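Quick one, fold the following:
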Amino acid sequence: MVDYDHIIVGGGSAGAVLANRLSASGRQKILLCEAGMDTPPGNIPREISDSYTGRAYLDQRFQWPSLTVTTGPTAHNNPDAPRPPLKKYEQARVLGGGSSINGQLANRGAPADYNEWEARGARGWNWESVLPYFRKLENDCDFSGPFHGRNGLMPIRRIGEKLWNGYSLAALEALQTAGFDYLPDQNGEYQDGCFPLPVTNSRETRASTATAYLDAETRSRGNLTISTDTTVERLLFENRKCVGVASRISDSAVEFRANDVIVCSGAIHTPAHLLRAGIGPPNHLRDMGINVVVPLPGVGQGLMDHPSIAIGFFLKPVARINGLTRRQILLGLRFSSGVTGAPSGDLAAIFVSRTAWHAVGKQIGTVNIWVNKTFSETGQVRLERSDFSTEPRVDFNLLSDHRDLDRLMIAFRRIGMLLSADSLRAITSDPFPASYSEKVRQVGQVNFKNKLMTRIAGYILDGPAPLRRYFMDRFIADGPEFAETMQDDSILEAFIRKAVVGVWHASCSCRMGARDDPMAVTDEHGRVRGTDGLRIVDASLFPVIPCANTNLPTIMVAEKIADAIIGGF
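Take a look at the predicted model:
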């Protein structure tokens, strides 16, 4: 007996969209399974709804607690080579997924990104084909016209400069003095320049796909069941047809059946689901003792993220968050490296005026820099063991293409020179190469000990300059001196190799592509090759990561494939 028409595995940025769109007609029964907690209207945790995002993404309630990854280059052809150090990698485990804990940044990428998707075999995914779905999802509060929608479910706005803090205003002045054009709309014509960042935020409140697509009216639909705190442990198959899922709700094992199963678990957990079900590279499956149901060598391969580093510094009191908005990321920059073969706008930066929720976080600012158009696409997701209770083995293999390292070096120096501008020198001091180290992550955990410790440290930082410099060198700056990093190639390269991280934009591990592409996992409608009744709809489908934060592209993908499903494809 079939219980549902569609089971959606994962209620994140894509799953919530599908639940809304597929249940809208009332004719089909939809089950949405989410491993994390619900965030129903009127009972959304403050950490999630807040415009300030520095608590939500570190809150253990909202993430997979034991997921670790490597970010540095790995030797795929030498299994005996030492593996890079494991790092915590925050991935959402809550209704709304990444949209409930991310930085709320709402950008789309370059038109060339989507033309490349089609060129790589994703038929019907060029810029002209995806723009209508970017417009469909958004209710842009500031702009209309051919690039924007005003009737979508996701509110998008920009924080006006009248509400900006001193650091953001000084950074904007420095950028314009350096010759960067001011772009009022990052999501307009794609070009280099600085801009107020568009955010999925309405009236100082986060807009996630849980709040926008699973509102009270949608939840009241009799044909939609939302089952949170529901861990899908296994996809159920009869021959090559996916017929349902085996799940666990609290301590009870429950099976659900459906005509169609749609996996929306993200670029790390989606390939893991397929691998456990026997869909993937045959040799790896056999090594894990898993029967090969469908040999698909591309499952888990080609994992990508944007390689990132940062520069930190002390912010004088006049430059800090001012209380007019709780947003800590207001200003962005898109710029070009000039490296041969790299497109324009291949580098990006954001100016962060509060780096953590605690007292020291209010006093330290950063410029976070990343390769917007990365060429490193050899990451992997594999299984450590076949059981669901073990997180997969994840190696991003960032900087596997040397051009990414070259461009981070260029970007570090270009942003470093920016700090010498009069406007920034007046409100900052003590710059240092910054890394998101385990020490920083531990101090970022929300607890009384960290609150007390950072409050004491905050008094020291606001004290005499010699004491501040000593304290920052001893306890905050966890790397080489800024001046020598700017001047010495070997020191800068060593810093980048050690400090490089992704920016939580995991993508491309189950790529869609042409029928004759041996590494393509799905067709252009998300249907998994060689199976019946199984689709993927999330960032793992991307043929290549776009020059963007991945939340809006993921929502766009869900909107587009929802239309395809409704249309019978």
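
how about stretch 454-470: buried residues?
Within stretch 454-470, the residues that count as buried by 16 or more other Cβ atoms under 10 Å are 454, 457-458, 461, 468. Bear in mind the C-beta positions are built from the backbone N, C-alpha and C, glycine included.

Let's see the distance spanning that stretch from one end to the other.
Terminal residues of stretch 454-470 lie 16 Å apart, using Cα to Cα, to the nearest Å.

Residues touching that stretch, excluding its own?
Contacting residues not belonging to stretch 454-470 are listed as 314, 317, 356, 358-363, 429-430, 443, 471-472, 475 [Cβ atoms under 8 Å, 6 or more residues apart in numbering].

coming back round to it: now, which of the buried residues of stretch 454-470 sits nearest Ala539?
Thr454 (33.7 Å; Cβ to Cβ).

So which of the contacts of stretch 454-470 are in helices?
359-363, 443, 471 (DSSP state H).

before we move on, back to that, just the buried residues of stretch 454-470: which are in helices?
454, 457-458, 461, 468.

Which one of those residues is nearest to His525?
Checking these against His525 by Cβ to Cβ gives Thr454 as the nearest, at 49.4 Å.

Look up the closest residue to that closest one, ignoring the ones flanking it.
Of all residues not flanking Thr454 in the chain, His358 sits nearest, at 3.9 Å (Cβ to Cβ, 6 or more residues apart in numbering).

quick one, phi/psi of the one you found?
phi -90, psi -180 (degrees, to the nearest 10).

correct me, but it touches Val440?
No - using Cβ atoms under 8 Å, His358 is not in contact with Val440; the gap is 11.2 Å.

Which one's more surrounded, those two?
His358 (23 against 17; other Cβ atoms under 10 Å).

List the residues that contact that one.
His358 makes contact with 443-444, 450-451, 454-455, according to Cβ under 8 Å, 6+ apart.

change it to 10 Å
Residues near His358 by Cβ atoms under 10 Å, 6 or more residues apart in numbering: 54, 443-447, 450-455, 457-458.

Filter those down to the buried ones and hand me the PyMOL line.
Per 16+ other Cβ under 10 Å, the buried members of the contacts of His358 correspond to this PyMOL selection:
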select buried, resi 54+443+444+450+454+457+458
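
what about the strands in the stretch 401-550 of the chain?
For the stretch 401-550 of the chain, the strands defined by DSSP state E, counting those that start in this stretch cover 428-434, 534-536.

any chance of these in CSV, plus distance to Lys88?
What follows is the strands of the stretch 401-550 of the chain, written out as CSV (distance: least, Cβ to Cβ, whole Å):
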stretch, distance to Lys88
strand 428-434, 17
strand 534-536, 25
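
Nearest to Gly568, out of those strands?
Minimum separation from Gly568 across the strands of the stretch 401-550 of the chain (Cβ to Cβ) falls at strand 534-536, 13.5 Å.

Which of the ones in helices among the contacts of stretch 454-470 scores worst on pLDDT?
For those, the weakest pLDDT value sits at Val443, with 72.

Hmm, it is touching Gly361, no?
Yes - taking Cβ atoms under 10 Å as the definition, Val443 is a contact partner of Gly361 at 8.9 Å.

residues touching the residue nearest the centre of the chain, list them.
Of all residues in the chain, the one closest to the mean position by Cα atoms, centre = their mean is His505, 3.2 Å from it. If you count contacts by Cβ under 10 Å, 6+ apart, His505 has them with 98, 102, 267, 304-306, 308, 370, 374, 539, 542, 545-546, 548-551, 553-554.

got the ones in helices among the buried residues of stretch 454-470 as TSV, with distance to Gly530 and pLDDT columns?
Shown next, in TSV, are these (distance: Cβ to Cβ, whole Å; pLDDT from 0 to 100):
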residue	distance to Gly530	pLDDT
Thr454	53	86
Ala457	56	86
Gly458	58	86
Leu461	58	91
Arg468	61	89
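
Do a quick rundown of the strands in the stretch 151-300 of the chain.
Applying DSSP E, counting those that start in this stretch to the stretch 151-300 of the chain gives strands spanning 154-158, 193-196, 198-199, 201-202, 205-206, 224-227, 230-238, 241-249, 252-263, 279-280, 294-295.

Among the ones you listed, show me which one is buried the most.
For the strands of the stretch 151-300 of the chain, the largest average neighbour count (mean count of other Cβ atoms under 10 Å) is found in strand 279-280, namely a mean of 29.
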